[in-house]
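Novice: Whatever this is, show me its structure:
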Amino acid sequence: MIRNYWSMKKVSPLLFAFLIIAASCQNNYSPKPRGYFRIDLPEREYQVFDTNYPFTFEYPVYAEIQTKGPNLSHPYWFNLHYPDFDGTIYFSYKPVNGNLATLINDSHEFVGKHLSKASAVDERVVMDREAEKFGLIFEIDGAETASPYQFFLTDSVNHFVRGALYFNNRPNNDSLRPVISFVEEDIEHFIRTFNWKKQ
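Specialist: Numbers count the residues shown, from 1 in each chain. Sure thing, here's the model as predicted:
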């Protein structure tokens, strides 16, 4: 009887403490959503690209123009590389010689290659008659889409430029969303400031 009394005396403070802790925990805990690393985005600042190319535009100071060098078949192709994000906008240029419908169709086909991973594709029209600048912007939504943003611009008579954004890593656009949105604004600025040179 004495032994049971001392055992109960040792157990009851532990039991009492457990009951207090259990009673005070009224929050329903559920798993937290997956977190991603914080990405520091640079301050926006632009510079003019004006060389021997048949067009001019403004591009960000935190990105690098990578030209293809002396390439006779594609002299005006170039990339706009973002070293901090390991992403690149690939630009191609083609002269229009009665082949505008083919060039536009090819742009749609390039977008179509991403449809299997896309949840939606939003198309926006670019129409600036004064600058003779027409085109389409494709925003390709989807967590595993390799290229979330593509576009083309043309004057419909002489010039055609196409651009596509890619990141050099496995597609995970949920984690890249802040960067994608940031670069999309740069592309919008590119399109607004893009002008054909007078021949």
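
Novice: okay, and the helix or strand of this structure with the least pLDDT?
Specialist: The helix or strand of the chain with the poorest confidence is helix 2-24; it has a mean of 59 (mean pLDDT, DSSP states H and E).

Novice: What lies in contact with the helix or strand just after that one?
Specialist: For helix 2-24, the succeeding helix or strand toward the C-terminus, using DSSP states H and E, is strand 46-49. Contacts to strand 46-49, defined as C-beta atoms under 8 Å, 6 or more residues apart in numbering, come from residues T56, F57, E58, Y59, P60, V61, I65, H189, T193. From N, CA and C alone the C-beta is placed, and that goes for glycine too.

Novice: Find the residue closest to the residue nearest the centre of the chain in space, skipping its chain neighbours.
Specialist: Taking C-alpha atoms, centre = their mean, the centroid of the chain lies closest to I180, which sits 2.5 Å from it. Leaving aside its sequence neighbours, I180 sits nearest to P148 (C-beta to C-beta, 6 or more residues apart in numbering; 5.2 Å).

Novice: thought that neighbour was touching V179?
Specialist: No. The criterion here is C-beta atoms under 8 Å, and P148 misses it with V179 at 9.9 Å.

Novice: So the two - more neighbours on which side?
Specialist: Using other C-beta atoms under 10 Å, the more surrounded residue of P148 and V179 is P148, with 26 against 19.

Novice: quick one: contacts for the more buried one?
Specialist: Applying C-beta under 8 Å, 6+ apart to P148 gives the contacts E139, I140, D141, G142, L165, N173, L176, I180.

Novice: Shouldn't the second one be within a strand?
Specialist: When you say that, I think you mean I140. Yes. I140: assigned to a strand according to DSSP: H, G, I helix; E, B strand; the rest coil.

Novice: Just grab the bridge partners of it for me.
Specialist: Under DSSP bridges, the beta-bridge partners of I140 are V121.
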